[in-house]
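Engineer: Structure of the sequence below:
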Amino acid sequence: MRAADGLFSLIAGAALALLPGLARADCTDITFDAIPFTLCDVAAGDDLRLFLNGEDGAVHGSFARIEAALAARGEVLVFAMNAGMYHPDRRPVGLYVQDGEELRGIVTSAGPGNFGMLPNGVFCIREAGFAVIESRAFAAAAPACLHATQSGPMLVIDGELHPRFLPDSDSTLLRNGVGVSADGQRAVFAISNRPVTFHQFGRLFRDHLALPQALYFDGNVSRLHVPGQGRSDWGRPMGPVIGLVRAGPAGG
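Structural biologist: Below is the predicted model:
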């Protein structure tokens, strides 16, 4: 993280700390199977958005740049995390919808890497709530999404773990993703605070959170930003970012 980015995040965190009733994220640290995770809950109707490019067309790339863009409109970023895989130029690998506009089309073919480990899926923010939908089902009957990001693999599919997850895998990374309740009224964003396997991460959503659908975001650039709690993970520039927005001091 650049020094200027870090300073902006510290200032934003201090401002949020003075506004506990206005912009607190419902993010909590939990332990599941002796593994530490952070969970952030969002309810249908909350102002959850995807972010990629600024008004100048350049990729935001950092939490601080998103915060600066929101601050100019009297808004604050309550929490955020990276939200889907991207190419070296930070273009999304798969489907990407922002403010109702499709900027990248859906990819339904198998391929290399985690994204291509079918079934993969789409996280969709709708007027009435949230959904995680398997990519081919989404392509066959796409719902209207205000925001949507495709990633993979699916972690939980109709209450079952992805069939390729191995209990004895030795592939561990910091991982993040999202799960959605059966009624679509709750989305839970999770990040592991130490390296975990796919199987362990999927079980968090299935066994601890009892969420029937869950989607993997990434395991190489997993980062969480919760300024009101003094957390802002640093790392290389990101592509798509998802964040909860609320009115700041200027917006009342």
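Engineer: can you give me the helices in the stretch 151-252 of the chain?
Structural biologist: 198-203 (DSSP state H, counting those that start in this stretch).
Engineer: so where's it uncertain?
Structural biologist: Under the criterion pLDDT under 70, the flagged ranges of the stretch 151-252 of the chain are 249-252.
Engineer: go with 90
Structural biologist: Within the stretch 151-252 of the chain, the ranges that satisfy pLDDT under 90 run 220, 248-252.
Engineer: can you map out the strands along it?
Structural biologist: Using DSSP state E, counting those that start in this stretch, the strands of the stretch 151-252 of the chain run over 154-157, 160-161, 176-180, 186-192, 213-218, 224-226, 231-232, 241-247.
Engineer: and Leu95, which of those strands is closest to it?
Structural biologist: strand 213-218 (11.9 Å; Cβ to Cβ). The way it works is simple: take the backbone N, C-alpha and C, and place the C-beta from them, glycine included.
Engineer: The closest one pairs with which strands?
Structural biologist: Looking at strand 213-218 with DSSP bridges, its partner strands are strand 154-157 (antiparallel), strand 176-180 (antiparallel).
Engineer: got the contact list for the shortest one?
Structural biologist: Judged by Cβ atoms under 8 Å, 6 or more residues apart in numbering, the contacts made with strand 154-157 from elsewhere in the structure are 119-121, 132, 134, 161-162, 177, 179, 198, 201-202, 205-206, 211-216.
Engineer: repeat for the last one
Structural biologist: Contacts made with strand 176-180 from outside it, assessed by Cβ under 8 Å, 6+ apart, are listed as 81-83, 123, 130-132, 151, 155-156, 186-192, 201, 205, 209, 211-219, 222-224, 242.
Engineer: and those, which are buried?
Structural biologist: When the contacts of strand 176-180 are checked for burial by 16 or more other Cβ atoms under 10 Å, the buried set is 81-83, 123, 130-132, 151, 155-156, 186-192, 201, 205, 209, 211-219, 222-224, 242.
Engineer: For the residue sitting nearest the centre point of the chain, grab phi and psi.
Structural biologist: The centre of the chain sits closest to Ala83, judged by Cα atoms, centre = their mean, with a distance of 3.9 Å. When read as degrees, to the nearest 10, the backbone of Ala83 gives phi -140, psi 60.
Engineer: now it, nearest residue through space, not along the chain?
Structural biologist: Ile242 (3.7 Å; Cβ to Cβ, 6 or more residues apart in numbering).
Engineer: Touching, the one you found and Val78? I think so.
Structural biologist: No: counting by Cβ atoms under 8 Å, Ile242 stays clear of Val78, with 11.6 Å between them.
Engineer: where's Ala139, which helix or strand?
Structural biologist: If you go by DSSP states H and E, Ala139 is part of helix 135-140.
Engineer: Other residues contacting that helix?
Structural biologist: 94-95, 106-108, 118-122, 124, 150, 152.
Engineer: try 7 Å
Structural biologist: The contact list for helix 135-140, computed with Cβ atoms under 7 Å, 6 or more residues apart in numbering, reads Ile106, Thr108, Pro119, Asn120, Gly121, Val122, Gln150.
Engineer: Name every strand pairing with the helix or strand hosting Arg49 and say which way it goes.
Structural biologist: According to DSSP H and E, Arg49 maps onto strand 48-51. Strand pairing for strand 48-51, determined by DSSP bridges: strand 241-247 (antiparallel).
Engineer: CA atoms only: put the strand it pairs with into CSV for me.
Structural biologist: C-alpha atoms of strand 241-247 as CSV (Å, rounded to 0.1, in the frame of the first residue of the first chain):
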residue,chain,number,x,y,z
VAL,A,241,-14.1,-4.9,-5.3
ILE,A,242,-17.4,-5.2,-3.4
GLY,A,243,-18.3,-2.9,-0.6
LEU,A,244,-21.1,-1.7,1.7
VAL,A,245,-21.8,2.0,1.4
ARG,A,246,-23.6,4.4,3.8
ALA,A,247,-24.1,8.1,3.9
